[in-house]
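K.L.:
Quick check, what structure comes out for this input:
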Amino acid sequence: MTATRPHVLVLGGGAGGTMTANALRRRIDADVTVIDKNRTHSYQPAYYLIPFGYMDLDEQQRDTRELLHDDVRFVRDEVLGVDPDERTVSGRDGTYEYDVLVSAVGNDLRPDAVPGMVEGWNQTDSVYPFYHASAARALGDAVDEFDGGRFLVTVPDTPIKCGGAPLKLTMLMEEYLGERGVREDAEVVMAKPGSEVFGTGPKAPYQEKIEEIWNDRDITFVPDFTVSEVDYESQTVHSAEGDALEYDLYAPVPPQYGHEFVVENSPLTDGGEYVSVDDNTLQHETYPAVFALGDNADVPTSRTASAARKQSHVVVDNVERYLDDRSPAPDYDGYTACPILVEKGKAMIAEFDYESPVSAPVVSRLNWILDVNVIPSLYWNVWMRGYDPVP
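P.N.:
Next up, the predicted model:
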């Protein structure tokens, strides 16, 4: 390109893209453009709180253009492909050149990948894939009307954003049933592939605490259950392992994959589902002008907004280093945080990096206040604006 100032193109106006674009605008002398096909930015951690009235969806949505600084250009377009050799991005409405590309497009929710899941959602009042905003809202009426039977949550065998969300929904539902006086008539069940409800390694202390809580509250965990089909007419979920679980109310986490325009129409994923970047620098391993963060970065950590926040600092630093012809700094250590809400008014903060846990598995009221009352305000008014005093 021949522009006097470099052009940084950010794909995605979600958490990672918005905070990074605003921070780049402040840090470097460059033109910054954000492309997204949607103009509504949602605070996705609200989705498991909406059904119980702990948050209101309408209060947790903003116009993407209004979140971005005036000097950041916003283009509403659907990305169709990326050519990193030519340094161009193809959209439905045009082609966009760049000097540096930051991919923050998140992942693609695919309930249609499971036979019967979409049909159950559309044709019955018992299936609610709550990672979709509309399903989370509709689930609120369903939990109020649920007066007994099996409440089932399932987790797919793909990486998912906020791996703690299905656990939180499960525990909040169990308590909510008690508040409504129907807990003795209900069974609360969560099923997922693998043997652990949360995880091992750096997640082990939080795993042990969750197991203790679930044993005390008679919440059932079904391991080694990979959803293969939803028979919505008989209200039964079948697994690839040959098992089946009946349900009266079903809240599945839908399978999640890389977006087609990245996986099929770019070389950035190196044959996988997500953009191949160095685990510590977040720079692409083949195309140094490309960086990725958030749910679409192929790094071995949990996909949460807190991870994207930490990654954003590293991406901004390394974009600046790249434009200055300096080596990237390997500063991302895999940090992520996941507030685990165990009941109304009490939560545990699971913090860990690539190697080890960061915080103790302590359940407290303060953690609930932090997650429900403090963090959303920080999210909208500080982090999304590109201000973050804690790197």
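K.L.:
can you give me the strands in the stretch 51-200 of the chain?
P.N.:
61-63, 73-76, 79-83, 88-91, 95-97, 100-103, 108-109, 149-154, 186-191 (DSSP state E, counting those that start in this stretch).
K.L.:
Which one, of these, ends up nearest to Y48?
P.N.:
In terms of Cβ to Cβ, the element of the strands of the stretch 51-200 of the chain nearest to Y48 is strand 149-154, at 10.0 Å. (Glycine included, C-beta is placed from N, CA and C.)
K.L.:
Relative to the closest one, what are the paired strands and their orientations?
P.N.:
strand 186-191 (parallel), strand 249-252 (parallel) (DSSP bridges).
K.L.:
Packed most tightly, which of those would that be?
P.N.:
Among those, strand 249-252 has the highest mean neighbour count (mean count of other Cβ atoms under 10 Å), at a mean of 26.
K.L.:
contacts for that strand?
P.N.:
For strand 249-252, contacts defined as Cβ atoms under 8 Å, 6 or more residues apart in numbering pick out 111, 114, 117, 120, 126-130, 139, 142-143, 146, 149-154, 156, 166, 169, 173, 227, 230, 235, 237.
K.L.:
Mind putting the strands paired with strand 149-154 into JSON lines with distance to P357?
P.N.:
What follows is these, written out as JSON lines (distance: least, Cβ to Cβ, whole Å):
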{"stretch": "strand 186-191", "distance to P357": "22"}
{"stretch": "strand 249-252", "distance to P357": "28"}
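K.L.:
Single out the most deeply packed of the strands of the stretch 51-200 of the chain.
P.N.:
Using mean count of other Cβ under 10 Å, strand 100-103 ranks as the most buried of the strands of the stretch 51-200 of the chain, with a mean of 27.
K.L.:
average pLDDT for that strand?
P.N.:
Average pLDDT, strand 100-103: 98.
K.L.:
helices or strands next to it in the packing?
P.N.:
Helices and strands touching strand 100-103, by 3 or more Cβ pairs under 8 Å, 6 or more residues apart in numbering; DSSP states H and E, are strand 7-11, helix 15-27, strand 290-292, helix 305-323.
K.L.:
Would you tell me which one of those is buried the most?
P.N.:
strand 290-292 (a mean of 28).
K.L.:
which stretches of the stretch 1-150 of the chain have low pLDDT?
P.N.:
Along the stretch 1-150 of the chain, segments meeting pLDDT under 70 span 1-3.
K.L.:
residues touching the residue lying closest to Q61 once chain neighbours are set aside, list them.
P.N.:
Of all residues not flanking Q61 in the chain, S42 sits nearest, at 5.0 Å (Cβ to Cβ, 6 or more residues apart in numbering). Neighbour list for S42: L57, Q60, Q61, A133 [criterion: Cβ under 8 Å, 6+ apart].
K.L.:
In TSV, list the helices and strands packed on strand 100-103 along with distance to V372.
P.N.:
Formatted as TSV, those follow (distance: least, Cβ to Cβ, whole Å):
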stretch	distance to V372
strand 7-11	29
helix 15-27	18
strand 290-292	30
helix 305-323	15
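K.L.:
Figure out which of those is closest to E260.
P.N.:
Here strand 7-11 is closest among those (Cβ to Cβ), at 13.5 Å.
K.L.:
partner strands of that closest one, parallel or antiparallel?
P.N.:
Here, using DSSP bridges, strand 7-11 pairs with strand 31-36 (parallel), strand 100-103 (parallel).
K.L.:
what comes up buried for stretch 125-135?
P.N.:
Across stretch 125-135, burial judged by 16 or more other Cβ atoms under 10 Å covers S126, V127, Y128, P129, F130, Y131, H132, A133, A135.
K.L.:
export those residues to JSON lines and tack on distance to V34?
P.N.:
Converted to JSON lines, those look like this (distance: Cβ to Cβ, whole Å):
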{"residue": "S126", "distance to V34": "39"}
{"residue": "V127", "distance to V34": "34"}
{"residue": "Y128", "distance to V34": "31"}
{"residue": "P129", "distance to V34": "28"}
{"residue": "F130", "distance to V34": "27"}
{"residue": "Y131", "distance to V34": "23"}
{"residue": "H132", "distance to V34": "23"}
{"residue": "A133", "distance to V34": "21"}
{"residue": "A135", "distance to V34": "27"}
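K.L.:
In contact with the residue sitting nearest the centre point of the chain: list those residues for me.
P.N.:
Centroid-nearest residue in the chain, with Cα atoms, centre = their mean: K161, separated by 2.9 Å. By Cβ under 8 Å, 6+ apart, K161 lies in contact with Q44, G106, N107, Y131, Q256, D295, R303, T304.
K.L.:
redo that, cut-off 10 Å
P.N.:
Each residue near K161 by Cβ atoms under 10 Å, 6 or more residues apart in numbering is listed here: 14-15, 44-45, 106-107, 109, 131, 253, 256, 294-295, 302-305, 307-308.
K.L.:
and if you look at T18?
P.N.:
10, 12, 34, 36, 41, 62, 64, 67-69, 72, 74, 104, 308, 312, 383-386.
K.L.:
Quick check: the gap between it and L57.
P.N.:
With distances taken as Cβ to Cβ, to the nearest Å, T18 is found 19 Å from L57.
K.L.:
and if you look at G163?
P.N.:
22 Å.
K.L.:
quick one: which of these two has more around it?
P.N.:
More crowded of G163 and L57, by other Cβ atoms under 10 Å: G163, with 20 against 17.
K.L.:
burial count for the residue nearest to that one when sequence neighbours are not counted?
P.N.:
Closest residue to G163 apart from its sequence neighbours, by Cβ to Cβ, 6+ apart: S302 at 5.1 Å. Neighbourhood size, S302 [other Cβ under 10 Å]: 22.
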